[in-house]
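Whatever this is, show me its structure:
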Amino acid sequence: MAHGGFLRQHSDDPELASHVMHDYNDAELDPQTRGMLDYASKLTRDPTSMQRSDVEALRALGLSDEEILSVALITCQFNFMTRLADGLGVEVPPGRQEAHERWLSPAAAQQKWLMVPKD
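Predicted coordinates for the structure are as follows:
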């Protein structure tokens, strides 16, 4: 949520940022960006299925080895921080949930998986 808010605030296209947060498959993205997101999604959801062909697909889209490493490291860092927060029981501070809801697009705000359950 915090990273999505940053994306919306600093993007030239807040609606696109909402689409990316909600489901990037519905967003109008260039092939390189879509490829990076596909890679990051696969690495996040099913890391044991990663193969050399996943890296080769990014190379075919024009990414350098350094850029591919950056995509992998950023994905791993986000996953690490999320799991650390979840593992330690970090909760959204009071009032922050409402702030998150204000900057979400209506479609994204309706996604139950995206929203923290209210007590």
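
Could you check the longest helix along the chain and say which residues are buried?
For the chain, the helix reaching the highest residue count under DSSP state H is reported as helix 65-87. Buried residues in helix 65-87, counting neighbours by 16 or more other Cβ atoms under 10 Å, are found at 68, 71-72, 75. Backbone N, C-alpha and C define where each C-beta goes, glycine included.

Can you pick out the most distant pair from these?
Comparing all pairs in the buried residues of helix 65-87 by Cβ to Cβ, the longest separation belongs to I68 and T75, at 10.8 Å.

ok, back up a step: let me know the average pLDDT across the longest helix of the chain.
Model confidence over helix 65-87 averages 91 on the pLDDT scale.

What is that helix packed up against?
When contacts are defined as 3 or more Cβ pairs under 8 Å, 6 or more residues apart in numbering; DSSP states H and E, helix 65-87 packs onto helix 31-45, helix 52-60.

go again using 10 Å as the cut-off
Applying 3 or more Cβ pairs under 10 Å, 6 or more residues apart in numbering; DSSP states H and E, we find helix 65-87 packed against helix 2-10, helix 31-45, helix 52-60.

what number of residues lie near M36?
When neighbours are defined as other Cβ atoms under 10 Å, M36 has 22 of them.

Was I right to think it contacts T75?
Yes - at 9.1 Å, M36 counts as touching T75 under the criterion of Cβ atoms under 10 Å.
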